Structure formats: C-alpha cells, structure tokens
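[1] sequence-free structure coming up:
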C-alpha cells in the first residue's frame with residue numbers, strides 16, 4: 001500500500017490508522033502547493049483534484065477521500081478492529097466520519113486555515129463552530145473513544161482537532177474535547193505520527209520559504 005500524504009494534513013489520519021494496525025505502507029510526500037511529489041512528479045496525474053490523501057492499494061487501485069480510505073485501511077487490517085464489521089455500529093462509524101469531514105474539517109477548519117478564504121467565510125465558520133464543539137463536548141463526556149473502542153474515526157478526529165493550534169480556537173472552553181485530544185495524542189501510534197509529520201512539516205515550510 002502507498003499513501004500519498006502532506007505533512008499534518010488530513011492524510012495523517014491514514015498514517016495513524018496504519019500505525020495503530022501495526023501495518024506497513026510506503027509514504028510518499030506531496031507538496032500540495034506545487035502539486036508535485038518531492039521528486040518532481042506531477043501529482044495531478046495521480047489525483048486530478050490535487051489533494052491528499054490518496055492510496056494505491058495492494059492490487060494497484062487508486063482510492064481517494066478520507067472516509068473511503070480509512071475504512072479501506074480498517075478492512076485491510078481486520079485484526080486491529082479499527083472499524084465495526086457491520087450493523088448499527090458500522091453506521092455510527094460512518095456517521096462520525098461524515099460529521100468530522102463536513103462539520104469540522106471542511107466546515108470549520110478549511111475556511112480558517114485557507115489564506116485565500118474571504119473574511120466573510122472565516123467569520124461564518126467562527127459563528128458556526130461553537131454549537132458543533134458543544135455537541136462534540138457533550139458526547140465525549142465520560143467516553144474514551146467515539147465508539148466503544150479506538151476506531152479510524154478517532155484517527156480522523158484527532159488529526160482535525162490538531163489544526164486548532166493554528167487558529168484562535170481554545171479547547172479550554174470544551175474540557176471533554178480537550179481531555180480527549182490530550183488522551184489521543186498520548187497513544188504511541190498517534191505520538192509517532194505527530195512527531196514524524198511535524199518534522200516533515202518544518203522541512204516543507206523551509207523549502208517553501210527558500211523557493
């Protein structure tokens with residue numbers, strides 16, 4: 001399996017899932033600003049949309065979109081039990097992946113982090129995030145994970161919550177969210193992913209500055 005990723009982007013959720021599963025993959029870094037791999041290869045030839053994550057499966061198929069990729073990883077490493085097999089629990093997993101992807105990833109953080117986003121879009125996102133985090137905070141009270149055990153949804157949520165560090169969002173106002181985030185970051189697989197991608201992010205920023 002190959003994972004095309006950008007440091008600290010949403011693709012880190014897939015790296016976390018692979019590490020949690022004890023799996024192996026080839027990690028291929030993408031400069032999403034230049035739309036190229038670090039060896040100069042045109043990334044648009046791999047994903048015409050120009051964003052990560054993308055995986056190349058063991059049989060050579062290309063797969064995009066976080067929800068699909070994370071569930072594929074869970075199915076590729078079934079012994080890790082990173083996703084319920086079926087039934088209502090699988091539907092709950094899909095519900096959380098949808099909530100994270102639409103309400104937090106795209107709805108909140110993309111407008112706040114995109115330097116090209118209009119100020120009106122940023123203000124609209126800010127006006128909406130309180131109720132979303134209130135909902136998440138209420139749900140996480142007394143819970144260790146989003147489901148009954150660690151799942152790919154936790155990998156995705158932890159990745160997205162990490163972006164708050166680049167915004168004015170302060171989780172002190174949502175203590176259950178803060179406790180959850182701190183707890184997830186202490187997991188060995190997640191700590192490893194954060195450390196590795198954090199170092200790569202610093203290198204990427206240095207390259208952009210020098211260009």
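    Nice, thanks for sending it over. Since we're looking at a predicted model, the values are computed, not measured. Residues are numbered from 1 along each chain as shown.
[2] which residues are contacting stretch 21-29?
    With contact meaning C-beta atoms under 8 Å, 6 or more residues apart in numbering, stretch 21-29 is reached by 1-7, 15, 18, 37-38, 55, 73-74, 76-77, 79-80, 82, 200, 204. For the C-beta atoms, the positions are set from N, CA and C on the backbone; glycine is no exception.
[3] if you set the cut-off to 7 Å instead, what comes out?
    1-5, 15, 18, 37-38, 73, 76-77, 80, 82, 200 (C-beta atoms under 7 Å, 6 or more residues apart in numbering).
[4] Just the buried ones from those, in ChimeraX syntax?
    If you want just the buried ones from the contacts of stretch 21-29 in ChimeraX, going by 16 or more other C-beta atoms under 10 Å, the selection is:
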select :1,2,3,4,5,15,18,37,73,76,77,80,82,200
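[5] so of the contacts of stretch 21-29, which ones are in helices?
    15, 18, 73, 76, 200 (DSSP state H).
[6] Show me which pair in those is furthest apart.
    The span of the ones in helices among the contacts of stretch 21-29, defined through C-beta to C-beta, is set by 76 and 200 at 23.6 Å.
[7] mind putting the ones in helices among the contacts of stretch 21-29 in JSON lines, distance to residue 150 and pLDDT included?
    Output for these, formatted as JSON lines (distance: C-beta to C-beta, whole Å; pLDDT from 0 to 100):
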{"residue": "15", "distance to residue 150": "15", "pLDDT": "99"}
{"residue": "18", "distance to residue 150": "14", "pLDDT": "99"}
{"residue": "73", "distance to residue 150": "13", "pLDDT": "98"}
{"residue": "76", "distance to residue 150": "16", "pLDDT": "97"}
{"residue": "200", "distance to residue 150": "24", "pLDDT": "97"}
